[in-house]
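Enquirer: sequence and predicted structure below; questions after.
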Amino acid sequence: MESILANTIAHIARELPWARTVDEDYGQLEALDNEQLDMYPLTFPAILIDLPGTEWTDTGDIAQRGTCEVRVRLILDCYDDTHAGSQTTDRIMQREEKRKALHALLQGYRPSGEGALVRTRSRFFTFNHGIKVYEETYTCALSEATRETRTIARTTLSVRLKT
């Protein structure tokens, strides 16, 4: 499953040069509020990717098929004054263009060579420090098989006949 993460990071970084940070999501956004945590600085626009979970079903023959959840967060600093009459409301549409570009890049992308990413959920919210977060959740199918490593213990029987 880590290949899904690595391939998605590489794909985004290659295709969206305006993204200043493209990384695995390990809490960098939330760390902005916690000065105690030692993390790399987050530069904007940032795209953080996480794999929160996979639902597996058994397909027999030591193989499984899964539906992997892929969460992608586009994080933008929004210090623009976008109230009516500010003459900067175009900044709202600039953010929307970035969100659409990211979604267009990911929808249908096959990060593991198997199932394509399909968006299942979106949410947008503001965060402290004038930050806007556009979060998209995708799913993709994958399969995994392990090699059978069972060993069979053999016991030796000995029989004594009494005469």
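Expert: Sure, I can see it. Numbering: from 1, shown residues only.
Enquirer: what lies in contact with the helix or strand bottoming out on mean pLDDT in the chain?
Expert: Of all regular secondary-structure elements in the chain, judged by mean pLDDT, DSSP states H and E, the least confident is helix 28-31 with a mean of 79. Outside helix 28-31, the residues that touch it by Cβ atoms under 8 Å, 6 or more residues apart in numbering are 21, 37, 39-40, 42, 46, 48, 73, 75, 127, 131, 133. Where you see a C-beta, it was placed from the backbone N, CA and C, and this is true even at glycine.
Enquirer: flag every buried residue along it.
Expert: Using 16 or more other Cβ atoms under 10 Å as the test for burial, helix 28-31 gives 28-29, 31.
Enquirer: any weak-confidence spans in this protein?
Expert: Segments of the chain classed as low confidence (criterion: pLDDT under 70) are 33, 35-39, 80-89, 148-159, 163.
Enquirer: let's see it at 90
Expert: Under the criterion of pLDDT under 90, the regions of the chain flagged as low confidence span 1-2, 26-43, 60-62, 77-93, 112-114, 126-131, 144-163.
Enquirer: what segments of it are helices?
Expert: Counting by DSSP state H, the chain forms helices over residues 2-15, 28-31, 90-106, given from the N-terminal end onward.
Enquirer: do you know which of those helices lies nearest Arg160?
Expert: The closest of the helices of the chain to Arg160 is helix 2-15. By Cβ to Cβ, the value is 57.6 Å.
Enquirer: which strands and helices sit next to that closest one?
Expert: Contacts of helix 2-15 with other secondary structure elements, assessed using 3 or more Cβ pairs under 8 Å, 6 or more residues apart in numbering; DSSP states H and E, are made with strand 21-24, strand 46-60, strand 63-77, helix 90-106.
Enquirer: just those: most buried one?
Expert: strand 63-77 (a mean of 19; mean count of other Cβ atoms under 10 Å).
Enquirer: now the helices and strands packed on helix 2-15 as JSON lines including distance to Ala116?
Expert: Converted to JSON lines, the helices and strands packed on helix 2-15 look like this (distance: least, Cβ to Cβ, whole Å):
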{"stretch": "strand 21-24", "distance to Ala116": "20"}
{"stretch": "strand 46-60", "distance to Ala116": "16"}
{"stretch": "strand 63-77", "distance to Ala116": "11"}
{"stretch": "helix 90-106", "distance to Ala116": "10"}
